[in-house]
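[1] Provided below for reference: sequence and predicted model.
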Amino acid sequence: MRKLFKRVFERIIEGLLTLSGGITSFAILLIVIFLFKEGAGLFQSPDVEKGYVLAVNATNPVEHLDAKQIKEIFDYEFTDWQSVGGKDEEIKPFRFDEIFSLYSEEEFGEDYALLPEKLGETIAQNSGIIAFIPEMYAPKDNISVKILPAKNILFSEFFTGKEWMPTATPSPQFGVFPLILGTLWVSIAAILIALPLGLGVAIYMSELAGERTRKLLKPTIELLAGIPSVVYGFFGLVVLVPMIQKTLNLSVGETALAGSIILAIMALPTIITIAEDSMRNTPLSMREASLALGATDWQTIYRVIVPYAASGITAAVVLGVGRAIGETMAVLMVTGNAAIIPHSLFESVRTIPATIAAELGEAPTGGVHYQALFMLGCILFIITMIISILSEFISRKQQNKGL
């Protein structure tokens, strides 16, 4: 009876664990689907602000303008239609609120019923005009007015664009290239700093430190992993940023270098702990065999222990990279948040997680800006997945070499 009860109990526990794993996997799948569904909506959105249109004089030969051209026209960087494929004529940008300086409110009629007519007159009288007006007031029946068709935001423009200005009017700029470069720039520099330091400390704790020293150091290092990232951010902002600015004689201290150092410090506990545990799991027989063949302690470390623990060290590096790429608050506080293409570690940058954290609260739910931020989350997910796949590939390669 007892055996039967024990077997039933084990089956129940096994079923609960299976159910728990299934629910967890399903929840993760739903999150990923939701993330990509919201992000993909960006590419079904027009490149002109929703609810508005661009209107030109019917004699204007230009049939379409891309998002960058529209921005440069309304920023007065393009002043001649010839620069965008039109005739040699001055461009006259016109925004909707300017109509109220041309006509009195009485001329618009009751409930602004005559507003489309007045807008049509204004556009018809100016051959070089380009008007940014609400779609509901667009003079669509006026043969002297041509509405430029709005095209959807292109995949290529999103990934190769060099300007991130999601609130720009009349055409938001969603160039994610500077954000991707900023994320990779800071993360790679952080790992290049953290990896040799972390590996060195792991080797010391595993092979050289006494038991008493190790028992003191290990919990201290693990405690660092529990410090909130905002505390690291405050430390970087108050101590590290002024130090970098003064030492390197920079105009600002909020740079990619500051972010890299802070991320390296944050990644160190993870790298040290996992790498040290992996090294200590090297069989004693392998150590003794190496020493018996005449190898020194250092030769045993870098020719036997480190190669044997390569998969664990790789896992440590991947988790460290994951911590660096996904970090938000600390990076937000010390990198300057300038969405520009970085050329050195001494410039301000903006990372993908920092952009999402800074802008999500301001983006209208379901809007183009909101969808663009979800697309940034998709990019972050893909980068992390690629790193994990590379880690698994390297780990298996190392295991095959060991066999």
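    That came through, no problem. Numbers count the residues shown, from 1 in each chain.
[2] quick one, phi/psi of K146?
    K146 adopts backbone torsions of phi -120, psi 130, taken as degrees, to the nearest 10.
[3] that one - how many residues pack around it?
    K146 is flanked by 18 other residues according to other C-beta atoms under 10 Å. Yep, even glycine has a C-beta here, placed from its N, CA and C like the rest.
[4] so who does it touch?
    A55, V56, N57, A58, N60 (C-beta atoms under 8 Å, 6 or more residues apart in numbering).
[5] so which of those residues are in strands?
    Using DSSP state E, A55, V56, N57 are the members of those that sit in strands.
[6] burial count for I221?
    Using other C-beta under 10 Å: I221 sits among 20 other residues.
[7] so which bits of whichever helix or strand it is part of are buried?
    Using DSSP states H and E, the element containing I221 is helix 211-224. By 16 or more other C-beta atoms under 10 Å, the buried positions in helix 211-224 come out as R214, L217, K218, I221.
[8] with stretch 46-54 instead?
    Neighbour-count burial for stretch 46-54, counted by 16+ other C-beta under 10 Å, picks out P46, D47, V48, E49, Y52, V53, L54.
[9] repeat that for stretch 128-143.
    For stretch 128-143, the neighbour count (16+ other C-beta under 10 Å) marks G128, I129, I130, A131, F132, I133, Y137, A138, P139, N142 as buried.
[10] under the pLDDT cut-off, which ranges of the stretch 101-250 of the chain? List them.
    The model of the stretch 101-250 of the chain has pLDDT under 70 over residues 110-111.
[11] picking up where we left off before, which among the buried residues of stretch 128-143 gets closest to S206?
    Lowest distance from S206 to those (C-beta to C-beta) belongs to F132, with 64.9 Å.
[12] list phi and psi for the closest one.
    phi -100, psi 100.
[13] ok, it - contacts?
    Y52, V53, L54, F74, P93, F94, R95, F96, T169, P170.
[14] report the buried members of the residues you listed.
    Among the contacts of F132, those classed as buried by 16+ other C-beta under 10 Å are Y52, V53, L54, F74, P93, F94, P170.
[15] which ones among those lie within helices?
    F74 (DSSP state H).
[16] hang on, K118 packs against F96?
    No: in this structure K118 lies outside contact range of F96 using C-beta atoms under 8 Å: 11.4 Å.
[17] adding distance to A315 and pLDDT, write the buried residues of stretch 46-54 out as CSV.
    As requested, the buried residues of stretch 46-54 are exported to CSV (distance: C-beta to C-beta, whole Å; pLDDT from 0 to 100):
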residue, distance to A315, pLDDT
P46, 45, 88
D47, 43, 86
V48, 47, 89
E49, 46, 88
Y52, 51, 91
V53, 54, 91
L54, 53, 93
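[18] so can I have CSV of those residues showing distance to M165?
    Compiled in CSV, the buried residues of stretch 46-54 are given as follows (distance: C-beta to C-beta, whole Å):
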residue, distance to M165
P46, 16
D47, 13
V48, 14
E49, 12
Y52, 16
V53, 20
L54, 18
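[19] could you pull out the buried residues of stretch 229-246?
    S229, Y232, G233, F235, G236, L237, L240, V241, I244, Q245.
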